[in-house]
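[1] Predicted model follows, preceded by the sequence.
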Amino acid sequence: MKMFSRHACISSMLLAFLCQQAQVSGMREVEFLCNKGQYLCGEPILLRTTVANLEDKNFVGELTSGGYEGKYCFGGSFTMHIALGDGEFRDILGRDTKRPSFPVSVPPLHVEYWSDRHGLPGRLNLGERSERVDMLVLSRPGDYKLMAVFKNRDRSVRMASDPIDLKVIPVGEEEEGFSRLADQAVFLKLGRAIHAAFYEECDEGLIGDSAVGELAAKILEEYPDSEFAEYIRYCHMLSPSPTQTEFRELAKGRKEPALRYVRENTSSWLLADLYRKLFWTYVAEKDREGAQKILNESSRRAPHAAVLKYVREEGAARLSKLPEAQVRPVSHKAWPAYMTAIAVAITVAVLGLTSLGGVVLVKRRRK
């Protein structure tokens, strides 16, 4: 029996090891993707960085202290390098003094207005991975190369992704027909407004400029299935609420559009951000059942999202403090209907029993 137990233990350990190897096989230490290969000038570019611990037990996904200065928290060692054409790669996020000569997103690409959003975790266990999604707007057409980069404290490159290629074309050369909607300047304004909404969680830029608002409305109406339309619908759910109890919750009236968005855009890279907002909205409403449902769904659909790290770590504790769902008492206004329903139920039951009694009596008489 002892020998059998020892073999069973070894087999279990071997199986766990093989499962772990299968989990990390096919993965790279740093993977970097953009959601398309070609963009209209001014169109927001979604970028997804995935970092994985494939072999190092002391793997650090992002340094806990990057030594950055200023009023924003820039998230440690993570940055991005960009090159236009055959030009030299330049750092667009960190403190590199060799900034690109061409314009990129302003404010800096991964400004952290909220401490629990994009930052990758400090450490990952073997086989674990973490994903962050960023947004970039390029206002100069051309062929670009981008890399996700992690640096050491001395600013040397510790690890980097393979370069990805993308093309930015001017308004007037795209094939989908967006050009007739507005000129290049308005498209750039719209792209920057979406970029600001994504990082600042506020859509004021989309509604504060009449030309931008008009272009956004046309895109929603004429190109509802485009990425541009997806970004606009997403941004219109982001607005600070004067009655917020949780600083991360959705403004009043924006929960239902957010729920509809996550149902209709199941493959969107923006889902995790909305799951985060929806979870804290339900918590603010003291809706334990709704918050638990969002927590379960987000864990299934976006298990590696860095933006949900705080939700995963603190969500269960916050849910435990919410009251259990209770059956609501019937209001006085609904009392007549409530009593009528009870009376109907009693009548049906009595008639059923009476019929049953008649059947039994007939059977007895036949005997």
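    In hand now; what should we look at? Residues are numbered from 1 along each chain as shown.
[2] ok, Phe187 - how many residues close by?
    24 (other Cβ atoms under 10 Å). In this view, the C-beta of every residue, glycine as well, is placed from N, C-alpha and C.
[3] Just the element for it, please.
    Per DSSP states H and E: Phe187 is located in helix 184-200.
[4] Just the mean pLDDT for that helix, thanks.
    Average pLDDT, helix 184-200: 90.
[5] downstream neighbour of it in the secondary structure list?
    helix 204-208.
[6] For Ala229, which three-state class applies?
    Classification of Ala229 using DSSP: H, G, I helix; E, B strand; the rest coil returns helix.
[7] Helices of the protein, start to end?
    Assigned by DSSP state H, the helices in the chain fall at 2-24, 184-200, 204-208, 210-222, 227-235, 255-264, 271-284, 288-301, 309-320, 335-366.
[8] Can you check the pLDDT for Ile342?
    For Ile342, the pLDDT comes out at 56.
[9] got it, and Pro303?
    Pro303 is given a pLDDT of 93.
[10] same check, this time on Asp143
    For Asp143, the pLDDT comes out at 95.
[11] I'd like the distance from it to Ile164, if you could.
    12 Å (Cβ to Cβ, to the nearest Å).
[12] Please say which of those two ends up with more neighbours.
    Using other Cβ under 10 Å as the criterion, Asp143 and Ile164 rank with Ile164 on top: 16 against 13.
[13] got the contact list for that one?
    Phe32, Leu33, Cys34, Lys145, Leu146, Met147 (Cβ atoms under 8 Å, 6 or more residues apart in numbering).
[14] I'd like those residues laid out as CSV, including distance to Leu181 and neighbour count.
    Formatted as CSV, the contacts of Ile164 follow (distance: Cβ to Cβ, whole Å; neighbours: other Cβ atoms under 10 Å):
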residue, distance to Leu181, neighbour count
Phe32, 31, 20
Leu33, 28, 16
Cys34, 23, 17
Lys145, 29, 16
Leu146, 27, 23
Met147, 33, 19
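[15] Alpha carbons only: can I get stretch 44-58 in CSV?
    What follows is stretch 44-58, C-alpha atoms only, in CSV (Å, rounded to 0.1, in the frame of the first residue of the first chain):
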residue,chain,number,x,y,z
PRO,A,44,-6.7,54.7,-32.3
ILE,A,45,-4.4,51.7,-32.3
LEU,A,46,-5.1,49.0,-29.7
LEU,A,47,-1.9,47.3,-28.4
ARG,A,48,-1.9,44.2,-26.2
THR,A,49,1.2,43.1,-24.3
THR,A,50,1.4,39.7,-22.6
VAL,A,51,4.2,38.8,-20.3
ALA,A,52,4.7,35.2,-19.1
ASN,A,53,6.9,33.4,-16.6
LEU,A,54,8.1,30.4,-18.5
GLU,A,55,11.1,29.2,-16.4
ASP,A,56,12.3,31.7,-13.8
LYS,A,57,10.9,31.1,-10.3
ASN,A,58,11.8,34.7,-9.4
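[16] average pLDDT across that stretch?
    For stretch 44-58, the per-residue pLDDT averages 86.
[17] Now do the buried residues in it.
    Pro44, Ile45, Leu46, Leu47, Arg48, Thr49, Thr50, Val51, Ala52, Asn53, Leu54 (16 or more other Cβ atoms under 10 Å).
[18] which non-adjacent residue is nearest the second one?
    Distance criterion Cβ to Cβ, 6 or more residues apart in numbering; nearest residue to Ile45, sequence neighbours excluded, is Leu136 at 4.5 Å.
[19] I figured the one you found hits Pro44, correct?
    Yes: assessed by Cβ atoms under 8 Å, Leu136 is found in contact with Pro44 at 7.2 Å.
[20] Need the overlap of contacts for the two.
    With Cβ under 8 Å, 6+ apart, Leu136 and Pro44 have common neighbours His195.
[21] Now, the contacts of Ile164 that are in strands?
    Under the assignment DSSP state E, the contacts of Ile164 contribute Phe32, Leu33, Cys34, Lys145, Leu146, Met147 to strands.
[22] Of those, which is the nearest to Gly87?
    Lys145 (8.9 Å; Cβ to Cβ).
[23] The closest one and Ile169: what is the separation?
    16 Å.
[24] just His195 next, same as before
    With Cβ to Cβ as the criterion, His195 and Ile169 are 19 Å apart.
[25] do Pro257 as well
    Taking Cβ to Cβ, one finds Pro257 at 31 Å from Ile169.
[26] Let me know whether Val186 touches Ala211 as I believe.
    Yes: Val186 is in contact with Ala211 according to Cβ under 8 Å; the separation is 5.1 Å.
[27] which one of these two has more residues nearby?
    More crowded of Val186 and Ala211, by other Cβ under 10 Å: Val186, with 18 against 13.
[28] quick revisit: pipe the buried residues of stretch 44-58 into JSON lines and attach distance to Asp273 per row.
    Output for the buried residues of stretch 44-58, formatted as JSON lines (distance: Cβ to Cβ, whole Å):
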{"residue": "Pro44", "distance to Asp273": "14"}
{"residue": "Ile45", "distance to Asp273": "16"}
{"residue": "Leu46", "distance to Asp273": "11"}
{"residue": "Leu47", "distance to Asp273": "14"}
{"residue": "Arg48", "distance to Asp273": "12"}
{"residue": "Thr49", "distance to Asp273": "15"}
{"residue": "Thr50", "distance to Asp273": "16"}
{"residue": "Val51", "distance to Asp273": "18"}
{"residue": "Ala52", "distance to Asp273": "21"}
{"residue": "Asn53", "distance to Asp273": "24"}
{"residue": "Leu54", "distance to Asp273": "27"}
